[in-house]
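In: any chance you could fold what I've pasted below:
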Amino acid sequence: MSTETTAIVLGAGVVGLSTALYLRRAGRDVTVIDPLPPGGGASFGNAGMISADTASPIAIPGMLRQVPGWLRDRKGPLVVSPSYFPAALPWLLRWIREGRMDRVLAISDALRALHKDSFACWQDLVGPRLFGDLVRRSGQIQVWDGDGESRGAAVERLIRERHGIEAQVLGADDLQQMLPGIARSVRRALLVPGNGYTVSPARLVGALAERLREEGGTIVAERAMTLVPREGGGFMVWTNVANRTADHVVVAGGAWSKALLDPLGVRVPLETERGYHAMLPSPSIEPRYTISYKSRGFGVTPMEGGLRAAGTVEFAGLDAPPDETRAKLLAEHARALFPGLTHGEPRLWMGFRPSFPDTLPVLGPVPSRPGLHLAFGHGHYGMTAGPPSGRLVAALVARRPAPIDPAPYSVSRFGA
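Out: Modelled structure (predicted):
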């Protein structure tokens, strides 16, 4: 079986579907290929945060001193499987190097450019009705243990000031009024009013798929096995059931993208950050805001099915089974944050964040492989940067003016 189309997007997550929909609106015939249903991977189980006014990379000055303590604490925000440590070490060392202040500021500039239009892109893609139903622009509250400002928090404040991002310091009384029932031990808090969340990542990403189909795009449930360059340009995508050819192929396969690129000689330092969530049904406390607990590396988001406690980082690769204790720990953290919280039996989940050491995704063409384009590596910011990334990549494929400077996201920064 052989079929031909103008553009193929590999991956039906938030990034791939956003790219495909923007390509369709640019007049391209588009087929999306993914063995999972739309939004069936990391786009399903993330924290749902849409952080348009967040521009801080994950690695920042001062974090290096915390890493040894995290690694010794099995309940800490960062865990590396002992058997996987040799494989993860090169990435971790590069991640630490990206925490230099000069790099942090440059990365923050690129994150700000990519994130700032997130809400506008979401509304453009799904339309005002679904946007109003599924997205809340109520702001995000960030909380810390202790009274003093940590070095990391000071760097994040500097980044907000650099980009003119509004933030409001909350006193103890403010915090208790805005988040009734929060632990008295939490004394430092900040409201970032420009951030928000979705009440259902699954439904929001599903809306992208429905809109794509309505506008003439195609989504097929197949597994891309390899990419074969065609004579004269373009690629043949060899799937488990078909040979599909296109002038342009966009690899938006998240954590699985590297396996498709390695045979083509396109080397990228992509690593898998395994993230967990615990969905707490019928919660006794329903905050109006999404909460980022900075000291413990997790967040709490009010959603349609209850409270979702999500976050932490585990390095163990794509093949190791989930660690049930990591997911259950998130429920414990949520109850510590809200001591009076009661809820039904937690529903546990684990997914794979595709991450680069500098926090930035790769977006745009591969210079050595005409017709091949990349759109993955969004780490913790997929729901925020997915739609703006799709807009940028689609513009580059269609050879239209880029909405932002694509240079910071180029795969060439890795020498690929």
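In: rest of the way, CA atoms for contacts and neighbours
Out: Will do.
In: which helix or strand in this protein has the lowest average pLDDT?
Out: Among the helices and strands of the chain, helix 67-72 carries the lowest confidence by mean pLDDT, DSSP states H and E, at a mean of 66.
In: show me where this protein has its helices.
Out: 14-25, 42-45, 67-72, 85-97, 101-115, 118-126, 128-134, 151-163, 172-178, 201-214, 257-261, 324-337, 382-397 (DSSP state H).
In: what's the average pLDDT for the longest one?
Out: Predicted confidence along helix 382-397 averages 98 (mean pLDDT).
In: what does stretch 137-156 give?
Out: In the prediction, stretch 137-156 has an average pLDDT of 90.
In: and the contacts of that stretch?
Out: For stretch 137-156, the surrounding residues in contact (CA atoms under 8 Å, 6 or more residues apart in numbering) are 56, 60-63, 185-197, 288-295.
In: and it, what's buried?
Out: Buried residues in stretch 137-156, counted by 16 or more other CA atoms under 10 Å: 137-145, 152-153, 155-156.
In: need the residues you listed in JSON lines (columns: distance to Pro388).
Out: JSON lines is the format used below for the buried residues of stretch 137-156 (distance: CA to CA, whole Å):
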{"residue": "Arg137", "distance to Pro388": "17"}
{"residue": "Ser138", "distance to Pro388": "20"}
{"residue": "Gly139", "distance to Pro388": "20"}
{"residue": "Gln140", "distance to Pro388": "20"}
{"residue": "Ile141", "distance to Pro388": "24"}
{"residue": "Gln142", "distance to Pro388": "24"}
{"residue": "Val143", "distance to Pro388": "28"}
{"residue": "Trp144", "distance to Pro388": "30"}
{"residue": "Asp145", "distance to Pro388": "33"}
{"residue": "Gly152", "distance to Pro388": "27"}
{"residue": "Ala153", "distance to Pro388": "26"}
{"residue": "Val155", "distance to Pro388": "25"}
{"residue": "Glu156", "distance to Pro388": "22"}
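In: please name the nearest non-neighbouring residue to Ile107.
Out: In space, and not counting its chain neighbours, Ile107 is closest to Pro57: 6.7 Å by CA to CA, 6 or more residues apart in numbering.
In: what's the neighbour count on the one you found?
Out: When neighbours are defined as other CA atoms under 10 Å, Pro57 has 24 of them.
In: Pro90 now?
Out: 12.
In: now swap in Asn240 and tell me
Out: Counted with other CA under 10 Å, Asn240 comes out at 13.
In: now do Asp319
Out: 6.
In: the one 3 residues further on now?
Out: By other CA under 10 Å, the residues close to Pro322 number 18.
In: go through stretch 282-299 and flag the buried ones.
Out: 282-283, 285, 287, 289-294, 296, 298-299.
In: among those, show me the least confident.
Out: Comparing those by pLDDT, Arg296 comes last, at 86.
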